[in-house]
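Student: Provide a 3D model corresponding to the input given below.
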Amino acid sequence: MPHVELMPFMYQGIKLYLELLNNDNDIIKYIQTHQNQSQNEIVQNLLHLFPQYGLGDSQYLALINATQIKD
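Tutor: Residues are numbered from 1 along each chain as shown. Predicted structure coming up:
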């Protein structure tokens, strides 16, 4: 976290970004537990379940593909 004072919403954004960098974040866990669904279904669900991250369909597809490669 930064050592300078920021607006409160910036702390939330930084926290979400740092959480997203972890390999065991909520989005990755969701993708791993729903691999039986199509990519389109997973993306639609991710857009509804995790709007706070501000990610779009392209970013979710990249995460899905990266998660499937690791398995």
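Student: state the distance from the spatially most central residue of the chain to residue 17.
Tutor: Closest to where the C-alpha atoms of the chain average out (CA atoms, centre = their mean) is residue 27, at 4.3 Å. Separation of residue 27 from residue 17 (CB to CB, to the nearest Å) stands at 12 Å. Bear in mind the C-beta positions are built from the backbone N, C-alpha and C, glycine included.
Student: could you point out the helix or strand that follows the helix or strand harbouring residue 29?
Tutor: Using DSSP states H and E, residue 29 sits in helix 26-33. The helix or strand immediately downstream of helix 26-33 is helix 39-49, counting by DSSP H and E.
Student: so that next one versus helix 26-33, what angle?
Tutor: Angle between the axes of helix 39-49 and helix 26-33 is 150 degrees (criterion: axes from the mean of the first three to the mean of the last three CA atoms, to 10 degrees).
Student: elements contacting helix 39-49?
Tutor: Using 3 or more CB pairs under 8 Å, 6 or more residues apart in numbering; DSSP states H and E, the elements in contact with helix 39-49 are helix 26-33, helix 57-70.
Student: low-confidence ranges, the chain, go.
Tutor: Applying pLDDT under 70 to the chain flags residues 1-2, 69-71.
Student: do that again at 50, thanks
Tutor: 71 (pLDDT under 50).
Student: grab the nearest non-local neighbour of residue 56.
Tutor: Leaving aside its chain neighbours, residue 56 sits nearest to residue 47 (7.9 Å; criterion: CB to CB, 6 or more residues apart in numbering).
Student: wait, that neighbour sits on residue 60?
Tutor: Yes: look at residue 47 against residue 60 with CB atoms under 8 Å: they come within range, at 7.1 Å.
Student: those two: which is more packed in?
Tutor: More neighbours surround residue 60 than the other of residue 47 and residue 60, with 21 against 14 (other CB atoms under 10 Å).
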